[in-house]
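Asker: Model the following, please.
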Amino acid sequence: MSDGTATRPAAFVFDLDGTLVDSVYQHVIAWQQALNEMGIGLAIWRIHRRIGMSGGLLVQAMMRETGVRLTPKEADELQNAHHRHFEGWTNAIRPLPGAAELLRTLTDCGVPWTIATSARRDDAAPMFARLAVPHDVPTVTREEVSRAKPDPDLFLEGAARLGIPARDCVVVGDSVWDLLAARRAEALGVGLLSGGYGQDELERAQAFRVYADPLDLLGHIDELGVRDTHGA
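Answerer: Numbering: from 1, shown residues only. I've put the predicted structure just below:
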């Protein structure tokens, strides 16, 4: 994509939650349970609007919504409570339709890809296993960058581990925060509806294309410059 003659993107960088695995609403419920433990009430829809941010920024945003002030220790306790409640949902979370097939197709077409997620490694690892992510794919998790979304660090690091400039990558995500981070990384952003954001919201965040889910993206993969192994 850095020159007009490329026949395919150099690489894909994927978000995880809501993009490849159906886990957004489990995260929302886990955050609500964590807030309830601390006696803080916040409607589920308000929590959902912040999913995709880093945990620290999400806590700040929720505190702004409620007017509650937390000490740094309490903010850490809230994030740890979310992690604990989310663990209880892990066994119920499944890949989104077409997710594993999409990743295999990119591999078969010789297009490198990686996953860069705001999740912690211990939350993400079971999801990587369900997607059958090969061990040699250099995934990136929250602990490995200084700042998470909407900062571009995760996607920049994912591209760097592939050895490809971010401007030559397609970043696929389900939230406006993903697309903002993609823009700041100078990558091409593609949106999915599978995280609960509307098409108009994703397009306003400058998604190049918006698809329903990974299966829909796979069915239109040629629109992103990926050709099948027969060069169709």
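
Asker: how is this protein carved up into domains?
Answerer: 11-23+94-224, 24-91 (automatic domain parsing).

Asker: would you list every one of the helices in this structure?
Answerer: Ranges of helices within the chain are 24-37, 44-48, 55-66, 72-87, 99-108, 121-130, 153-162, 176-184, 199-204, 214-219, based on DSSP state H.

Asker: any idea how far stretch 142-153 is from the chain center?
Answerer: 12 Å (CA atoms, centre = their mean, to the nearest Å).

Asker: hmm, who's touching it?
Answerer: Here stretch 142-153 makes contact (CB atoms under 8 Å, 6 or more residues apart in numbering) with 52-57, 117-121, 154, 157, 166, 175, 177-178, 180-182, 184-185. Every residue, glycine included, has its C-beta placed from N, CA and C.

Asker: before we move on, what about stretch 54-63?
Answerer: 31, 35, 40, 42, 46-47, 50-51, 53, 69-70, 75, 78-79, 82, 118, 142, 147-151.

Asker: got the buried residues for that stretch?
Answerer: 54, 55, 56, 57, 58, 59, 62, 63 (16 or more other CB atoms under 10 Å).

Asker: where's the fifth one relative to residue 64, distance?
Answerer: The reference is to residue 58. Using CB to CB, to the nearest Å, we find residue 58 at a distance of 11 Å from residue 64.

Asker: Could you do the third one as well?
Answerer: To residue 64, residue 56 is 13 Å away according to CB to CB.

Asker: sorry, back to before: and residue 12, which of the helices of the chain is closest to it?
Answerer: Evaluated over those, closeness to residue 12 peaks at helix 99-108, with 6.0 Å, by CB to CB.

Asker: which strands and helices sit next to that closest one?
Answerer: Identification of packing neighbours for helix 99-108 by 3 or more CB pairs under 8 Å, 6 or more residues apart in numbering; DSSP states H and E yields strand 113-115, helix 214-219.

Asker: again, only using 10 Å
Answerer: strand 11-14, strand 113-115, helix 121-130, helix 214-219 (3 or more CB pairs under 10 Å, 6 or more residues apart in numbering; DSSP states H and E).

Asker: ranking these by burial, who's on top?
Answerer: Mean neighbour counts were compared across the helices and strands packed on helix 99-108 using mean count of other CB atoms under 10 Å; the top stretch is strand 11-14, at a mean of 27.

Asker: how about TSV for the buried residues of stretch 54-63, with pLDDT added?
Answerer: Shown next, in TSV, are the buried residues of stretch 54-63 (pLDDT from 0 to 100):
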residue	pLDDT
54	73
55	74
56	77
57	76
58	78
59	82
62	82
63	80
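
Asker: for the residues you listed, which one is nearest residue 224?
Answerer: residue 54 (27.0 Å).

Asker: Give me the phi and psi for the closest one.
Answerer: Main-chain torsions, residue 54, degrees, to the nearest 10: phi -60, psi 160.

Asker: highest average neighbour count across the domains of the chain?
Answerer: Buried most deeply of the domains of the chain, by mean count of other CB under 10 Å, is domain 11-23+94-224, with a mean of 20.

Asker: on that earlier part again, make CSV out of the helices of the chain and add distance to residue 11.
Answerer: Putting the helices of the chain into CSV (distance: least, CB to CB, whole Å) gives the following:
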stretch, distance to residue 11
helix 24-37, 25
helix 44-48, 30
helix 55-66, 26
helix 72-87, 29
helix 99-108, 9
helix 121-130, 18
helix 153-162, 5
helix 176-184, 13
helix 199-204, 21
helix 214-219, 15
